[in-house]
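> Here is the input, now give the coordinates:
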Amino acid sequence: MCKMFNDWSSEIKNYCDNNGLNYDKASQMVKSCGKNFLFLQYHDPECGKRGLLDETPMPLVLRVTQTPDGLVFEQTENTKKYLS
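Sure thing, here's the model as predicted:
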């Protein structure tokens, strides 16, 4: 699991609870991390079975960015679809 998700889990849970999103689903999603960001992506188990031969992108569901003022959450067009 992504260390940033673990570090920010209480804030992510609060965000999900306050915005009608399912934290349990968020915790099971594919996570991409950088120095100050975390992306949650949806993985469809029916797609991408051919490994690198299959270029099926995973939809970006939620962006979390650390700023000097705290975490900033950005929903995408996929957020409600995969986290409701």
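> can you map out the strands along the protein?
For the chain, the strands defined by DSSP state E occupy 30-33, 37-41, 60-67, 70-75.
> Which pLDDT value belongs to the closest residue to Glu74 other than its chain neighbours?
Leaving aside its sequence neighbours, Glu74 sits nearest to Arg63 (Cβ to Cβ, 6 or more residues apart in numbering; 4.1 Å). All C-beta atoms are positioned from the backbone trio N, CA, C, and that covers glycine. Here the pLDDT value assigned to Arg63 is 98.
> give the contact list for Arg63.
Contact analysis of Arg63 by Cβ atoms under 8 Å, 6 or more residues apart in numbering lists Phe37, Leu38, Phe39, Phe73, Glu74, Thr76.
> By neighbours, which of the residues you listed wins?
Within these, most neighbours by other Cβ atoms under 10 Å means Leu38, with 22 neighbours.
> Surely that residue is in contact with Lys31?
Yes - the criterion here is Cβ atoms under 8 Å, and Leu38 meets it with Lys31 at 6.2 Å.
> Show me where the protein has its helices.
3-18, 23-28, 79-83 (DSSP state H).
> Figure out which of the ones you listed is closest to Asp44.
helix 79-83 (9.8 Å; Cβ to Cβ).
> Show me what the closest one is packed against.
helix 23-28, strand 60-67 (3 or more Cβ pairs under 8 Å, 6 or more residues apart in numbering; DSSP states H and E).
> Any chance of a markdown table for these, columns distance to Asp54?
Converted to a markdown table, the helices and strands packed on helix 79-83 look like this (distance: least, Cβ to Cβ, whole Å):
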| stretch | distance to Asp54 |
| --- | --- |
| helix 23-28 | 21 |
| strand 60-67 | 18 |
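> any idea which of the ones you listed is most buried?
strand 60-67 (a mean of 18; mean count of other Cβ atoms under 10 Å).
> Tell me where the model's unsure across this structure.
1, 48, 51-53, 55 (pLDDT under 70).
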